[in-house]
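Undergrad: Predicted model and sequence follow; I will ask about them next.
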Amino acid sequence: MTFSNAAGSILATLTQVDRMGLLATRVKDLPVGEFVCLLDFITAEFHQYLRAIDLINNEGVETLLEQLLDAFTIKIGQILTADQTTIFLVNQEKKQLWYKTVLESTGRSQEYHLPIHVGILGHVATTGEALNIADAKTHPLFSEEVDQPPGYDTRTILCIPVFSTTNSNKPVAVVRLLNKENDVPFDGEDEQLFRSFGDSMGIIIESCQSFYVAARNQRGVSALLKATTTLGQSLDLETTLRSVMDQACNLMQADRSTLFLLSKETNELWTKVATVDEKKMVEIRIPANRGIAGYVASTGEALNIPDAYIDPRFDPSTDQKTGYKTRNILCMPVYNAKGELIG
């Protein structure tokens with residue numbers, strides 16, 4: 001029985017439950033020289049894992065993904081002479097496509113999510129079939145919701161999947177190019193040119209996504225531990241609320257978070273939030289069936305709203321009291337150990 005010398009293969013083999021005792025059996029009769037060589041291979045693999053762990057624990061790992069996507073976006077658009085290029089990452093668990101862009105108004109990065117089964121974009125993401133369309137708006141799959149950015153006029157479109165390294169039929173991303181230079185359609189040469197570097201992109205994007213998810217999970221564990229420590233150290237509700245919400249902001253990369261508590265006596269949701277200048281805390285009380293928070297409290301249904309002010313359930317009164325402008329919202333019910341809604 002032998003081990004492959006390929007990087008990562010020895011430790012990967014040893015993690016398999018049905019291979020218990022494999023290493024002991026292998027080294028039992030090894031000459032000293034071969035044993036030293038085996039140790040060198042294992043040491044090299046552990047160094048790779050340690051570097052990966054360092055990267056996961058590095059707060060800049062999420063910035064790494066953003067920088068890579070930004071660089072790829074610019075260069076692909078330049079190579080294929082597209083007016084607009086976007087790389088959408090595929091989230092199979094949530095059935096979503098998502099991407100990040102920098103808002104000109106604030107200079108901050110903003111994350112957007114789109115349904116995975118809608119439009120030309122969704123077709124490519126779910127089938128793995130590239131689509132090259134000379135007149136986008138007349139195509140039966142065209143969806144203004146996902147295939148035409150706000151304020152943009154989509155004419156020609158080239159949508160190409162980027163596949164997983166472990167599953168050649170599973171897209172990990174979709175690259176969408178809009179409006180080729182000189183208002184001519186994209187052609188077969190454009191598709192072939194993209195495929196010349198598409199596989200390498202797939203390896204990089206998939207690896208970065210793995211690090212990105214692991215880093216978020218790590219941050220979530222840290223945030224939970226900090227919040228739990230606060231609950232044990234302080235009896236002051238205002239301090240506790242602020243600490244827990246600070247950790248929630250950090251975990252979700254949100255600009256602001258609020259925990260509304262349910263008062264069964266008054267049938268209200270209430271909280272304390274900071275004004276936009278962070279100088280004082282303001283108590284907010286709303287009926288338990290009013291606004292986005294009230295809807296979630298009444299139905300137990302989580303809501304993910306990309307534009308708060310166009311949702312008819314949104315109540316702007318909190319914004320008016322604090323001076324804050326809400327853009328998008330993720331609102332979820334909170335239950336106690338008995339399964340009772342508490343906020």
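TA: Sure, I can see it. Numbering: from 1, shown residues only.
Undergrad: got the end-to-end distance for stretch 300-311?
TA: 18 Å (Cα to Cα, to the nearest Å).
Undergrad: per-residue confidence averaged over that stretch?
TA: For stretch 300-311, the mean pLDDT works out to 83.
Undergrad: Next, the buried residues of that stretch.
TA: Buried positions in stretch 300-311, judged by neighbour count with 16 or more other Cβ atoms under 10 Å: 303, 305, 308. Where C-beta positions appear, they are placed from N, C-alpha and C, glycine not excepted.
Undergrad: tell me the contacts of the first one?
TA: Applying Cβ atoms under 8 Å, 6 or more residues apart in numbering, we find residue 303 in contact with 292, 295, 296, 313, 329, 330, 331.
Undergrad: same thing but at 7 Å, please
TA: Applying Cβ atoms under 7 Å, 6 or more residues apart in numbering, we find residue 303 in contact with 292, 295, 296, 329, 331.
Undergrad: Kindly report the same for the last one.
TA: When contacts are counted by Cβ under 7 Å, 6+ apart, residue 308 touches 314, 326, 327, 328, 329.
Undergrad: Which of the three states applies to the first one?
TA: The three-state assignment at residue 314 reads coil, by DSSP: H, G, I helix; E, B strand; the rest coil.
Undergrad: my guess is it contacts residue 291, does it?
TA: Yes - between residue 314 and residue 291 there is a contact at 6.4 Å, judged by Cβ atoms under 7 Å.
Undergrad: neighbour count winner among those two?
TA: More crowded of residue 314 and residue 291, by other Cβ atoms under 10 Å: residue 291, with 23 against 20.
Undergrad: Once you drop chain neighbours, what's closest to the more buried one?
TA: Nearest residue to residue 291 in three dimensions, chain neighbours excluded: residue 315, at 3.2 Å (Cβ to Cβ, 6 or more residues apart in numbering).
Undergrad: What is the neighbour count of that neighbour?
TA: Residue 315 has 16 nearby residues by other Cβ under 10 Å.
Undergrad: pLDDT value on it, please?
TA: pLDDT, read off for residue 315, is 82.
Undergrad: Equivalent analysis for residue 18, please.
TA: We have a pLDDT of 61 for residue 18.
Undergrad: Likewise for the one 4 residues further on?
TA: Residue 22 carries a pLDDT score of 70 in this model.
Undergrad: which residues touch stretch 255-263?
TA: Applying Cβ under 7 Å, 6+ apart, the contact partners of stretch 255-263 are 241, 244-245, 248-249, 269-271, 273, 288, 293, 297, 324, 341-343.
Undergrad: at 8 Å what do you get?
TA: Contacts for stretch 255-263 (Cβ under 8 Å, 6+ apart): 241, 244-246, 248-249, 268-271, 273, 284, 286, 288, 293, 297, 324, 334, 341-343.
Undergrad: Against residue 271, how distant is residue 254?
TA: Residue 254 sits 15 Å away from residue 271, going by Cβ to Cβ, to the nearest Å.
Undergrad: where do the strands sit along the protein?
TA: When assigned using DSSP state E, the strands of the chain occupy the ranges 82-91, 96-102, 109-115, 131-133, 157-163, 171-180, 261-263, 268-274, 281-287, 303-305, 329-331.
Undergrad: returning to that earlier point: whichever of the contacts of residue 308 end up buried, select them in ChimeraX.
TA: Selection of buried members from the contacts of residue 308 for ChimeraX, criterion 16+ other Cβ under 10 Å:
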select :314,326,328,329
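Undergrad: So which of the contacts of residue 308 is the closest to residue 40?
TA: For these, the minimum distance to residue 40 (Cβ to Cβ) is 51.3 Å, reached by residue 328.
Undergrad: which residues does the closest one contact?
TA: 305, 306, 307, 308.
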